[in-house]
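Chemist: please work out how this folds:
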Amino acid sequence: MPAATVRSWLRRARQSAHLLWTIGVQAVVALDRDALPTRDRPDALAYAVEALIAAAVAIRNHLGGPGPELWSQIAVLSRGRLLVSVPAG
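Modeler: The predicted structure follows:
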């Protein structure tokens, strides 16, 4: 991917980081509270990605099998918001 495209994706993901983190944490709490991420991260996007990964793993464990690829689960869980900006409000 061109560097400008990646920078654009990261910028949009950072704008949506709090919402993405909320989605991930809510899913983890609903399925496996013990799987909540607890490590310090350098920024809001890192917290969001970690929460979404934990949620995808919790979903996979809850369903009892390998299931879909991890990033595909994250795309569905976040409704594609990881790389798409979310309007304010």
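Chemist: next structured bit after the helix or strand harbouring Asn61?
Modeler: Secondary structure assigned from DSSP states H and E places Asn61 in helix 44-63. Using DSSP H and E, the helix or strand that follows helix 44-63 towards the C-terminus is helix 70-77.
Chemist: low-confidence regions, this protein specifically.
Modeler: 84-89 (pLDDT under 70).
Chemist: return the distance of the helix holding Asn61 from the chain's centre.
Modeler: Relative to the chain's own centre, helix 44-63 is displaced by 6 Å; criterion: CA atoms, centre = their mean, to the nearest Å.
Chemist: again, but for stretch 36-53
Modeler: Worked out by CA atoms, centre = their mean, stretch 36-53 lies 9 Å from the chain centre.
Chemist: got a list of what the residue nearest the centre of the chain touches?
Modeler: Nearest to the mean C-alpha position of the chain, counting by CA atoms, centre = their mean, stands Leu52 at 2.8 Å. Listed by CB atoms under 8 Å, 6 or more residues apart in numbering, the contact partners of Leu52 are 20, 23-24, 74, 77-78, 82. In this view, the C-beta of every residue, glycine as well, is placed from N, C-alpha and C.
Chemist: so which of the residues you listed comes closest to Leu10?
Modeler: Leu82 (10.4 Å; CB to CB).
Chemist: who touches stretch 20-36?
Modeler: Everything outside stretch 20-36 that qualifies as a contact, by CB under 8 Å, 6+ apart, is 13, 37, 44-45, 47-55, 57-59, 61-62, 77-78, 81-82.
Chemist: can you do 10 Å?
Modeler: For stretch 20-36, the external contacting residues (CB atoms under 10 Å, 6 or more residues apart in numbering) are 13-14, 16, 37, 41, 44-63, 73-74, 77-79, 81-82, 86.
Chemist: list only buried entries from those residues.
Modeler: 13, 16, 37, 44-45, 47-60, 73-74, 77-78, 81-82 (16 or more other CB atoms under 10 Å).
Chemist: separation between the nearest residue to Arg81 once chain neighbours are set aside and Gly64?
Modeler: Of all residues not flanking Arg81 in the chain, Ser16 sits nearest, at 5.3 Å (CB to CB, 6 or more residues apart in numbering). According to CB to CB, to the nearest Å, Ser16 and Gly64 sit 31 Å apart.
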